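Q: sequence and computational prediction follow.
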Amino acid sequence: MGRFITGIYNYCDYWCDRCAFTRRCRNYADGPTAKRLQAEGRAEDRDAVNQSFWNDLAARLRDATIFGKMAEYAADEGDEADAWDAGALDDAADREIDAAMEARDRAVGAHPLTHLSRDYMMRTAQWLKEADADLKSLAAEWLAQAGARYDETDYEEAAREVGDLIEVVDWYHTLIPPKLARAIGNLAEPVCGDGEYARIISESRLSDANGSGKVALIAVERSIAAWLRLRELLPRQEDAILALLVLLGRLQRGIRAAIPGAESFKRPGFDPGATLFADDNPA
Ligand code: SF4
């Protein structure tokens with residue numbers, strides 16, 4: 001079993017500070033290191049005697065391997081090989097790919113889940129901005145009340161909980177739209193060509209749609225849980241929070257209906273029983 005879990009970062013919520021798999025995530029291992037080196041301007045650290053050099057090389061090799069395999073499958077398809085050889089792409093193949101991408105963009109733009117998720121994102125962003133004054137006045141009330149003789153409320157714990165819950169809704173409200181766009185796009189984009197190559201692409205898109213849909217579903221469910229508790233802690237925000245919960249409920253039902261494979265998708269590393277990369281999962 002290698003140190004890294006293949007593809008774990010494809011279906012996570014990118015919340016590395018709260019992730020139990022940082023040690024087994026190549027994205028985490030490579031990301032901060034690359035940023036640190038960039039900030040420090042230490043070009044010599046890219047030398048081949050440094051581990052980061054080999055990590056970068058490994059990432060490039062992974063891409064090269066995937067594209068190489070695709071070219072091989074295309075070659076097995078006979079004449080189609082030429083269409084997928086970068087040097088031999090003709091105008092017809094270009095047009096077919098452009099048309100497929102346009103169809104994908106149109107489908108994403110027109111899908112009800114796209115509108116719903118953007119609506120939720122914008123309304124949550126607005127709430128985070130507009131609730132500020134009310135939350136500060138509540139904080140002032142708690143400060144004045146803390147230590148009062150007959151008040152047993154644990155204000156310290158309440159304050160920590162509010163901060164934690166707001167962090168949850170803040171984190172997920174921007175994650176849901178891009179994850180849904182990716183899922184919807186994968187389901188909608190027509191597959192160019194046919195035969196074995198087309199079958200592989202089609203299966204891979206369906207799997208990615210399910211994985212992306214699952215991340216969106218998890219983000220929605222965690223947001224619902226956070227808002228429900230915030231509703232209890234912030235009774236003055238009840239109306240605004242209820243409106244957001246209604247949108248989240250519609251999103252939850254919509255995802256289950258439009259991406260039926262999302263809920264049962266097993267994310268490498270995170271979900272027990274993931275079989276796609278079974279060899280990489282922790283024992
Ligand atoms: S799997 Fe964990 S460590 Fe890796 S990118 Fe996702 S949240 Fe961050």
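A: Okay, I see it.

Q: what parts of this protein come near the ligand?
A: Neighbours of the ligand within the chain, by CB under 6 Å from any ligand atom: 8, 9, 12, 14, 15, 16, 19, 21, 22, 25, 27, 28. All C-beta atoms are positioned from the backbone trio N, CA, C, and that covers glycine.

Q: switch to 5 Å and redo it
A: 8, 9, 12, 16, 19, 21, 22, 25, 27, 28 (CB under 5 Å from any ligand atom).

Q: what stretches of the stretch 151-283 of the chain score poorly on pLDDT?
A: Along the stretch 151-283 of the chain, the model assigns pLDDT under 70 to residues 275-283.

Q: show me the helices in it, by range?
A: Ranges of helices within the stretch 151-283 of the chain are 155-173, 176-188, 195-233, 238-258, based on DSSP state H, counting those that start in this stretch.

Q: any idea which of these is most buried?
A: Across the helices of the stretch 151-283 of the chain, averaging neighbours per residue (mean count of other CB atoms under 10 Å) puts helix 176-188 on top, at a mean of 23.

Q: check the secondary structure at residue 20 for me.
A: coil (DSSP: H, G, I helix; E, B strand; the rest coil).

Q: look up phi and psi at it.
A: Backbone torsions of residue 20, given as degrees, to the nearest 10, read phi -80, psi 0.

Q: what's the pLDDT at it?
A: With respect to pLDDT, residue 20 scores 92.

Q: got it, and residue 31?
A: Per-residue confidence at residue 31 stands at 77 (pLDDT).

Q: near it, how many other residues are there?
A: 13 (other CB atoms under 10 Å).

Q: what residues are up against the nearest residue to residue 205 once chain neighbours are set aside?
A: Nearest non-adjacent residue to residue 205, counting by CB to CB, 6 or more residues apart in numbering: residue 186, 4.2 Å away. Applying CB atoms under 8 Å, 6 or more residues apart in numbering, we find residue 186 in contact with 205, 206, 208, 209, 212.

Q: I'd say the second one and residue 261 touch.
A: What it means is residue 206. Yes. Using CB atoms under 8 Å, residue 206 is in contact with residue 261, at 7.0 Å.

Q: quick one: the strands in the stretch 1-150 of the chain?
A: With DSSP state E, counting those that start in this stretch as the criterion, the stretch 1-150 of the chain has no strands.

Q: right, and the helices of the stretch 151-283 of the chain - which one's nearest residue 92?
A: Minimum separation from residue 92 across the helices of the stretch 151-283 of the chain (CB to CB) falls at helix 195-233, 16.2 Å.

Q: roughly how far is the closest one from the heart of the chain?
A: Centre-to-centre, helix 195-233 and its host chain are 8 Å apart (CA atoms, centre = their mean, to the nearest Å).

Q: stretch 4-20 now?
A: Counting by CA atoms, centre = their mean, stretch 4-20 is centred 9 Å from the centre of its parent chain.

Q: which residues are in contact with that stretch?
A: Residues contacting stretch 4-20 (CB under 8 Å, 6+ apart): 21-22, 24-29, 171-172, 175, 208, 211-212, 214-215, 218-219, 265, 267-270, 276-277, 280-282.
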